[in-house]
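*Asks:* Here is my input; please provide its structure:
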Amino acid sequence: MSSLGRNGFFHQPVKSPAPSSGRAADRPALTGPAPYAINPMPCGAGRAVARGGRGSVSERVMGAGRAVAEALQAEGVDRIYCLPGSHVLEIYDALADRPAIRLLTCKLEGSISLMADIHGRLTGEPGVCLVTAGPGAANSLPGVAQAYDAASPLVHISGAVPLDGAREAFHGVDDPDFTLRMFRDVTKWSVRAERIEAIPEIFARAFQVARGGRPGPVHIEIPRESNTGRHLITSRPAAVPPYRRLAGAARLPAPDDAARAAQRLAAARRPVIAAGKGILRNGATEPLAALAERLAAPVIYPQDAIGVIRDDHPWAAGFFSLWSLSPFFAGLLGEADLLLSVGLRAGTATSNLLAARAPGEHIFVDFGEDGTAHPSASLSLAADPAPFLHALLADPGLAPRDDPARRAGLAAMRRAYREGMEGIVERYRGARPIHPGVAVRALAEALDEDAVVVSDVGNCAVWLRNLLPVRHPQAHLQSGMWNAMGLALPSAIAAKLAFPRRQVVGVVGDGALLMSLGEFGTALEQGTPVVLLVLNDGAYGMIQKLQTQAFGRVVGCQFRSPDFAALARGFGGMGLRVEEPAGLGPALRAALDAGAPAVVDVVTGDYPYPDFELSR
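*Replies:* Sure thing, here's the model as predicted:
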């Protein structure tokens, strides 16, 4: 049993770092000259507390705010999603002297972390967010959790209450470790800096952890000196060692692993590939498509991995989800003699669903950060997706093949699926209120091929994933299994900043938009001409359907929805309201050409989903 230290913290000896699983009990330990302690938490959870280190001839004397700003500049950060607060003012002041780092001020902390998540997904570099202590940190948790689920690199920086804070400190509760513990299970690492000297090493390790292996978020909190003071940690500057970035390294497959997998794939006659979102985060879409062609293997993918392969690729076989197996899923797995799962994560609901339907030969490849093999796979391997796929393609034993009959059968399945979806659109093309699928089809016809579309949670997601063409990895962004409502508007802003020359559209229901509407002002302030397509039905439509399906009645799902077009104009942007189907195309084209943030508010209604949606 660990003993209680003089400063009130529990301590135990520092352990050598092992590959991080992202689980609370397996945090990366810091190494080097600075001593660190891992503090035990309930149920074996851990936290890391930085204690500082020795001096060197090249140290500089500075406060905590400047140390943080220098770390961010050294990491090449050019944009911080933030909202000011009294606990982080010293960081703000230091950033004022670094004009290369742009502060993007939002209206709610939840938007900040959602933006940072999308930044990480689209750029491959950690999205950085900065929030104040207590409620600021708590409000930002949804986007951090979404980044953890989405395997998106993110560095989350927050203020914290003083180290010796009393009960009910400003922005605090009784336990000063509250927010540190709050983030431990939705990050790869949750750490607090308690000495200025430790800041460079903490930040260097944080960026390395966020980028490395299966990418994900890291939480860093920096306590305030006192409840009302302007300084972080202490008003006395400290000698800070020079910043040294820590390089990451890809996890390569073990020497014989690719050969073992290639041998089994070569022997299979009807292989199927299940490609997870790790393919997207690892930049492995091209080798995935090449392997599908080499093996003549259909590629299925979870809903949160839409974009791993073009949906018009000859071997693309569509998405699946826990609640929608799609027309392809059961048939393809039922006839397969081998399933290759890559870019997924062992132990998730998605991988368990696959395992339950997989043939006896199942090769499962994940990042290996959990340290355990997939329990039901016949061959479980650990490697980053890109090097593993390249190793397979380089294996001389995996000769190219073709299966014209299988390819033609898959094409017929895709054609029947598309005709079924288009049949729904045609059936309701003139209906009032406007059918959501008709609105999504009109959007698809108005978009450039390289456009980026962000889907919010709810009815809009159903119609987007079935009707939106996907021609590149960023074509369709969505929450994932975390399913945080209100993400479309802030995420569209972040996407437009990442791709300023592309069309960027957020598709959102009225309920979800009401959760983040203030960020329309942020879009105007930042000069990001995003388009919002609002499916306005005055209800939480998906929940309404689930209630009806389960209980035969609806409770608490209707609300009064505003005229979002009028609100957009009140902000100073463009607002167009569409009540007739014939008005969809002209309104969308006008919004896309406006050169300013625009809302297309479409009056929709409650219509049935495709038969296979919400069918489980």
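*Asks:* going forward, measure contacts between C-alpha atoms and count neighbours the same way
*Replies:* Fine.
*Asks:* got the buried residues for stretch 583-592?
*Replies:* By neighbour count on 16 or more other C-alpha atoms under 10 Å, the buried set for stretch 583-592 is L584, G585, A587, L588, A591, L592.
*Asks:* same question, stretch 120-132
*Replies:* Buried residues in stretch 120-132, defined by neighbour count with 16+ other C-alpha under 10 Å: G120, R121, L122, G124, E125, P126, G127, V128, C129, L130, V131, T132.
*Asks:* what's the answer for stretch 411-427, then?
*Replies:* The neighbour-count check on stretch 411-427 (16+ other C-alpha under 10 Å) flags A411, R414, Y417, M421, E422, I424, V425 as buried.
*Asks:* ok so the third one is a helix residue?
*Replies:* Yes. Under DSSP: H, G, I helix; E, B strand; the rest coil, Y417 falls within a helix.
*Asks:* Now do it against A411, distance only.
*Replies:* As defined by C-alpha to C-alpha, to the nearest Å, Y417 lies at a distance of 10 Å from A411.
*Asks:* that older thread, which of the buried residues of stretch 120-132 lies closest to E613?
*Replies:* In terms of C-alpha to C-alpha, no member of the buried residues of stretch 120-132 lies closer to E613 than R121, at 26.7 Å.
*Asks:* Domain ranges for this structure, per the record?
*Replies:* The record's domain parsing of the chain by automatic domain parsing lists 47-240, 257-408, 428-603.
*Asks:* so which of those is the most packed in?
*Replies:* Of all these, domain 47-240 carries the top mean neighbour count, a mean of 22, counting by mean count of other C-alpha atoms under 10 Å.
*Asks:* could you give the mean pLDDT of that domain?
*Replies:* The pLDDT scores in domain 47-240 average 91.
*Asks:* Surely A204 is in contact with P242?
*Replies:* No. With contact defined as C-alpha atoms under 8 Å, A204 does not count as touching P242 (11.0 Å).
*Asks:* Which parts of the stretch 301-450 of the chain are strands?
*Replies:* Here the stretch 301-450 of the chain has its strands, by DSSP state E, counting those that start in this stretch, at 316-320, 338-342, 362-366, 379-382.
*Asks:* what's the average pLDDT for the second one?
*Replies:* What that stands for is strand 338-342. Averaged over strand 338-342, pLDDT sits at 98.
*Asks:* Also the shortest one?
*Replies:* What strand 379-382 shows for mean pLDDT is 95.
*Asks:* ok, that strand: who's next to it in the sheet?
*Replies:* Using DSSP bridges, the strands paired with strand 379-382 are strand 362-366 (parallel).
*Asks:* And for the partner strand, what's in contact with it?
*Replies:* Contact partners of strand 362-366, identified using C-alpha atoms under 8 Å, 6 or more residues apart in numbering, comprise 261, 338-346, 355, 374, 377-385.
*Asks:* Now with 7 Å, please.
*Replies:* In this structure, residues lying in contact with strand 362-366 by C-alpha atoms under 7 Å, 6 or more residues apart in numbering are 338-346, 374, 377-384.
*Asks:* and what of stretch 285-302?
*Replies:* 271-276, 279, 308-309, 315-321, 389-390, 393, 400-403.
*Asks:* for that stretch, the distance to its chain's centre please.
*Replies:* 23 Å (C-alpha atoms, centre = their mean, to the nearest Å).
*Asks:* List the residues that contact A94.
*Replies:* A94 makes contact with G65, R66, A69 under the criterion C-alpha under 7 Å, 6+ apart.
*Asks:* Just those residues: which are in helices?
*Replies:* Secondary structure from DSSP state H places G65, R66, A69 of the contacts of A94 in helices.
*Asks:* Include distance to M182 when you put those residues into TSV, please.
*Replies:* Below are the ones in helices among the contacts of A94 laid out as TSV (distance: C-alpha to C-alpha, whole Å):
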residue	distance to M182
G65	24
R66	27
A69	25
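*Asks:* Nearest to W482 among those?
*Replies:* Minimum distance to W482 across these is 31.2 Å, recorded for A69 (C-alpha to C-alpha).
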